[in-house]
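>>> coordinates only, sequence not included:
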Ligand SMILES: Cc1cc2nc3c(=O)[nH]c(=O)nc-3n(C[C@H](O)[C@H](O)[C@H](O)COP(=O)(O)OP(=O)(O)OC[C@H]3O[C@@H](n4cnc5c(N)ncnc54)[C@H](O)[C@@H]3O)c2cc1C
């Protein structure tokens, strides 16, 4: 039996590849799920049209989510924080200036993710022992699982789509305004190192009017009542139908050891705390970078030794459109990323800088109103003016240009261990983000939108959730490094398949490549004895 820890995106990609290779797979998962009352509300809304939704149920699913000019403090789903719950007890950590959190949920952080998906470029893979060509067939396999909406536009010249038939989502009016101005000025923008196109998101688009797919109800940020945003829980449901697959929920893996031909896995039941021991031929760690790092350090008995977690720096740049789109609060639209801009400019970074453009959503409206209230401005009029012009850019830098996180396993006097995560700030981040903003400012006429520098926000390290690299893959791994099959130094039957093994974190979204790499490792290790 081959064991996979975790049902998030990397876990399901790994499990599926192992099954395809004819192996028997058991998935061990902490597996927290949505509270029943909220699940019932989702179910009810999911079988009716938005116009028929019960306002009380809708309010329940929007509960507890707030946004400010600094962004959304914590993205919830269906009003619930279950994706982040119970971690203090099962994955004890301390955080100093770090925004990243682990998940013990069924589906992991894919319950809350923004579903933006771009592959990695070879030029962004400095220090990697593999090239993007080695991921290509796995990108394609993974996209079969997740689905992808996007367009065969100019972005596909550098960033292959890896699918012949992407879904086609309607752009919002604000996004269309920006895109059409950029199209008109394409040659000049390209000459200035700005490439752009429709966002690539794992949202299911309608293939025909009578088929299931996005209805543009604007609920994306709260959780799609129809389940049209990819969540790895849906792949898990498919895996469960396979005769060689078993799913063991409520199981928290803590450590492992190897002897000859198998791995002993130590775990406890999430609810009762009862300890468990299991055996496997191979173990695949797909628990997310924090829990995987913790398990590997614990199993190596590596206390008080720091490994470095890399992070793709996250920042927000508000943009004001030169043309307004009237009555945006009434518009039928999706509220995940609408457009991608990729900046290739050696004056800013030797790597691609990735920008995701978001147009109006209720949460952007809320942030605008909250900011205006602070200045005591004529609330409604000013808010409407801004809403009709405001776009938000979520930007990401390559990890080599970002801050990093010192990650150390500590033990207290009572013998309890915890993982300590401490940010180490890179002072160059501010000037890099300033250069990105300056570049957009200089291209404002060609973009048809103007950045608002005083409102630029640089988030704390880890806040992007594009973090990993604690045991980077190397051709010849040393201590606290992994081989190209994700095996941390010293282990033969234990493979880390999540972001923990990425040698660096390019800016262009993490999950697609993490899934592809997990799929690759599982496919290539399946034949090992
Ligand atoms: C708000 C938000 C927005 C995001 N947006 C994007 C985006 O647009 N694009 C993008 O590429 N990425 C995005 N991400 C990041 C993305 O969600 C993660 O990269 C992805 O979920 C990682 O998948 P994973 O399977 O490696 O880990 P996780 O999703 O963290 O899943 C971990 C799994 O392991 C299980 N587990 C954990 N510890 C244990 C244990 N000890 N024992 C047993 N089971 C365990 C959990 O139950 C869970 O099933 C976003 C993240 C957040 C929070």
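Looks like it came in fine. What you are looking at is a predicted structure, and each value in this text was computed from that prediction instead of being measured. Numbers count the residues shown, from 1 in each chain.
>>> what about the one helix or strand in the chain whose mean pLDDT sits lowest, near the ligand?
None of the helices or strands of the chain scores lower by mean pLDDT, DSSP states H and E than helix 362-375, at a mean of 81. No - using C-beta under 6 Å from any ligand atom, helix 362-375 stays clear of the ligand, coming no nearer than 12.3 Å. Any C-beta I mention is one placed from the backbone N, CA and C, and that applies to glycine too.
>>> same question for stretch 30-37.
Yes - for stretch 30-37, a contact with the ligand is found by C-beta under 6 Å from any ligand atom, at 30, 31.
>>> only the buried residues of that stretch, if you could.
Residues of stretch 30-37 classed as buried by neighbour count (16 or more other C-beta atoms under 10 Å): 30, 31, 32, 34.
>>> which parts of this structure sit against the ligand?
Where the chain comes near the ligand, counting by C-beta under 6 Å from any ligand atom, the residues are 5-11, 28-31, 75, 103-106, 108-110, 112-116, 251-253, 286-288, 291, 465, 498-499, 509-511, 514.
>>> mind listing which of these are in helices?
Per DSSP state H, helices hold the following members of the residues of the chain next to the ligand: 9, 10, 11, 291, 511, 514.
>>> residue 239 and the ligand, how far apart?
Distance of residue 239 to the ligand, computed by C-beta to the nearest ligand atom, to the nearest Å: 13 Å.
>>> burial check on that residue, number of neighbours?
The burial count assigned to residue 239 is 22, neighbours taken as other C-beta atoms under 10 Å.
>>> Three-state assignment for it, please.
Three-state call for residue 239 (DSSP: H, G, I helix; E, B strand; the rest coil): helix.
>>> and the closest residue to it other than its chain neighbours, bridged to which residues?
Of all residues not flanking residue 239 in the chain, residue 245 sits nearest, at 4.9 Å (C-beta to C-beta, 6 or more residues apart in numbering). Taking DSSP bridges as the rule, residue 245 bridges to residue 25.
>>> mind listing what residue 245 touches?
Contact analysis of residue 245 by C-beta atoms under 8 Å, 6 or more residues apart in numbering lists 15, 19, 24, 25, 26, 27, 239.
>>> same check on residue 234?
Taking C-beta under 8 Å, 6+ apart, we find residue 234 in contact with residue 227.
>>> again, but for residue 75
Residue 75 neighbours (C-beta under 8 Å, 6+ apart): 65, 112, 221.
>>> re the thing from before, can you pull the pLDDT of the residue nearest to residue 239?
The model reports residue 245 with a pLDDT of 98.
>>> cool, the one 3 residues further on as well?
Here the pLDDT value assigned to residue 248 is 98.
>>> got a list of what it touches?
Applying C-beta under 8 Å, 6+ apart, we find residue 248 in contact with 26, 27, 28, 29.
>>> cool, and residue 365?
329, 383, 387.
>>> pLDDT check: weakest of these?
Across the contacts of residue 365, the smallest pLDDT goes to residue 383, namely 84.
>>> that residue should be in a helix, yeah?
Yes - assessed by three-state DSSP, residue 383 belongs to a helix.
>>> pretty sure it is touching residue 370, no?
No - Residue 383 is beyond contact range of residue 370, at 9.7 Å (criterion: C-beta atoms under 8 Å).
>>> which of these two has more neighbours?
Per other C-beta under 10 Å, whichever of residue 383 and residue 370 has more neighbours is residue 383, with 21 against 14.
>>> strands along the stretch 251-400 of the chain, start to end?
Counting by DSSP state E, counting those that start in this stretch, residue ranges of the strands within the stretch 251-400 of the chain are 251-259, 262-269, 275-280, 282-285, 306-311, 314-321, 339-343, 353-358, 390-396.
>>> comparing those, which comes out most buried?
Mean neighbours per residue, mean count of other C-beta atoms under 10 Å, is largest over these for strand 282-285, with a mean of 28.
>>> strands paired with that strand, and their directions?
Strand 282-285 has its sheet partners listed here by DSSP bridges as strand 2-5 (parallel), strand 494-496 (parallel).
>>> which SSE is residue 181 in?
Assigned by DSSP states H and E, residue 181 falls within helix 173-184.
>>> helices or strands next to the helix or strand just after that helix in the packing?
Per DSSP H and E, the first helix or strand lying C-terminal to helix 173-184 is helix 186-191. Judged by 3 or more C-beta pairs under 8 Å, 6 or more residues apart in numbering; DSSP states H and E, helix 186-191 is in contact with helix 444-447.
>>> so which bits of the helix it packs on are buried?
Buried residues in helix 444-447, counting neighbours by 16+ other C-beta under 10 Å, are found at 446, 447.
>>> helices or strands up against that helix?
If you count contacts as 3+ C-beta pairs under 8 Å, 6+ apart, helix 444-447 packs onto helix 173-184, helix 186-191.
>>> relative to residue 296, which of the ones you listed is closest?
Counting by C-beta to C-beta, residue 296 lies closest to helix 173-184 out of these; the figure is 42.0 Å.
>>> outside of the closest one, which residues touch it?
The contact list for helix 173-184, computed with C-beta under 8 Å, 6+ apart, reads 171, 189, 196, 198, 319, 321-323, 325, 328, 331, 333, 338-339, 357, 359-360, 389, 391, 446-449.
>>> now that helix: how far from the chain's centre is it?
Remark: helix 173-184 is offset 26 Å from the chain centroid, using C-alpha atoms, centre = their mean, to the nearest Å.
>>> now the angle from it to strand 314-321?
If you take axes from the mean of the first three to the mean of the last three C-alpha atoms, to 10 degrees, helix 173-184 sits at 80 degrees to strand 314-321.
>>> relative to strand 353-358, how tilted is helix 173-184?
Counting by the same axes, to 10 degrees, helix 173-184 lies at 140 degrees to strand 353-358.
>>> quick check: mean pLDDT of helix 173-184?
For helix 173-184, the mean pLDDT works out to 97.
>>> would you mind listing the buried residues in it?
Buried residues in helix 173-184, counted by 16+ other C-beta under 10 Å: 173, 174, 175, 177, 178, 179, 181, 182.
>>> nearest to residue 122, of the residues you listed?
Distance to residue 122 across these (C-beta to C-beta) is lowest for residue 182, with 25.7 Å.
>>> what separation do you get for the closest one and residue 436?
16 Å (C-beta to C-beta, to the nearest Å).
>>> repeat for residue 327
Counting by C-beta to C-beta, the separation of residue 327 from residue 436 is 31 Å.
>>> next: residue 134.
In terms of C-beta to C-beta, residue 134 sits 30 Å off from residue 436.
>>> quick one, which of these two is more surrounded?
Taking neighbours as other C-beta under 10 Å, residue 134 and residue 436 compare with residue 436 leading, 24 against 15.
>>> where does that one land in three-state SS?
Applying three-state DSSP: residue 436 is helix.
>>> go ahead and confirm it touches residue 342.
No - if you go by C-beta under 8 Å, residue 436 and residue 342 don't touch, sitting 11.6 Å apart.
>>> shared neighbours, these two?
Counting by C-beta under 8 Å, 6+ apart, the residues touching both residue 436 and residue 342 are 353, 355.
>>> I'd say residue 119 and residue 138 touch.
No - counting by C-beta under 8 Å, residue 119 stays clear of residue 138, with 10.2 Å between them.
>>> mutual contacts of these two, please.
Here residue 119 and residue 138 have residue 516 as joint contacts, going by C-beta under 8 Å, 6+ apart.
>>> per-residue confidence averaged over stretch 122-137?
Stretch 122-137 carries an average pLDDT of 97.
>>> ok, and what's touching that stretch?
With C-beta under 8 Å, 6+ apart as the test, stretch 122-137 has contacts from 119-121, 160, 162, 351-352, 398, 400, 472-475, 484, 503-504, 506-508, 513, 516-517, 520.
>>> residues contacting residue 348?
Counting by C-beta under 8 Å, 6+ apart, residue 348 touches 432, 435, 436, 439.
>>> could you do residue 478 as well?
Residue 478 sits in contact with residue 489, where contact means C-beta under 8 Å, 6+ apart.
>>> so it sits in a strand?
No - applying three-state DSSP, one finds residue 478 to be coil, outside a strand.
>>> and it, how far from the ligand?
With distances taken as C-beta to the nearest ligand atom, residue 478 is found 24 Å from the ligand.
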